[in-house]
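Trainee: Sequence and predicted structure below; questions after.
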Amino acid sequence: MSYKWRGALNPTGSLIINARDYDKNYSQFTQVINGGMDRDNIPINSITHEMFENYSVGQTGIVSNINCEDDYTTYQDTNFAGGVNNPRGNTIRGLKYENNPVFQGDFWFQIGTTLNMPCEEGMATIRFHINSFVPKYYHYYIFNTTNRVAFKWRQFKIEVDGVEVSRTAAIFPTFHTTQIHCDVPISKGSHEFKIYCRVPGLINDTSNQVILQYWGGQLSVHNRSR
């Protein structure tokens, strides 16, 4: 039995220490030592990026095979894809203007499926990569006309629960491999991770023209928590 003051000859209930109150302080202290630190009590810069990568735990969600459509089922370009007027031309297949999901262009449309992932409070490490092809029609003219077709590009972005967290600049090379890597603070609960793409608006173009093809894409999310 422990007393609040030494030398008490006739201790009463108010002088006796409750063992549970005594143990509670030690319990709280050991919880902090054993990993109970959170964003309110963790020292600034006490964890380096290398420690975070090597020792954090969590779960991973992946969306693989983010492709436009199979080459033999997508729309075929009829402006520059071989035929009588251009028998040496290569066949170009992909997404066209005035067709789903591009339509008139100059707006964001989702590619791939939504990754719904339950998370613990911590960090969401998001990685995305994809291959894409955009024909450089600004070098060409529509056959049998003097109409030149507009310059082309594409962009990609990542959204978490409808909020943009990362975006590429406009990408102009004909063939390109795009990679995005970002870390986003995340709360406990279920979250949605989506990939979007955008192409320029329909200018001096026709609905017969392929604007974009993409393949080999993958989205991965690692929920790192304490």
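Mentor: Cool, got the structure.

Trainee: G105 in helix, strand or coil?
Mentor: Three-state call for G105 (DSSP: H, G, I helix; E, B strand; the rest coil): coil.

Trainee: and the gap between it and D205?
Mentor: 9 Å (C-beta to C-beta, to the nearest Å). Yep, even glycine has a C-beta here, placed from its N, CA and C like the rest.

Trainee: what do those two both touch?
Mentor: In terms of C-beta atoms under 8 Å, 6 or more residues apart in numbering, G105 and D205 are both contacted by the residues Y97, I211.

Trainee: Show me the contact partners of the strand or helix carrying G61.
Mentor: Assigned by DSSP states H and E, G61 falls within strand 57-66. With C-beta under 8 Å, 6+ apart as the test, strand 57-66 has contacts from 111-113, 115, 117-120, 122, 130, 193, 195, 214, 216-226.

Trainee: Any of those buried? List them.
Mentor: Among those, those scoring as buried are 111-112, 115, 117, 119-120, 122, 130, 193, 195, 214, 217, 219-224, 226 (criterion: 16 or more other C-beta atoms under 10 Å).

Trainee: Tell me how this protein divides into domains.
Mentor: Per automatic domain parsing, the domain ranges recorded for the chain read 13-51, 55-225.

Trainee: what pLDDT, on average, does the helix or strand hosting Q110 get?
Mentor: Q110 belongs to strand 109-119 when assigned by DSSP H and E. The pLDDT scores in strand 109-119 average 94.

Trainee: Dump that strand to CSV, keeping only the CA atoms.
Mentor: What follows is strand 109-119, C-alpha atoms only, in CSV (Å, rounded to 0.1, in the frame of the first residue of the first chain):
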residue,chain,number,x,y,z
PHE,A,109,-11.7,12.2,-68.8
GLN,A,110,-10.9,9.3,-66.6
ILE,A,111,-8.7,6.4,-67.8
GLY,A,112,-8.5,3.0,-66.1
THR,A,113,-10.8,1.9,-63.3
THR,A,114,-11.2,3.7,-59.9
LEU,A,115,-9.0,2.3,-57.1
ASN,A,116,-11.1,2.1,-53.9
MET,A,117,-8.8,1.4,-51.0
PRO,A,118,-9.3,1.3,-47.2
CYS,A,119,-6.5,3.3,-45.5
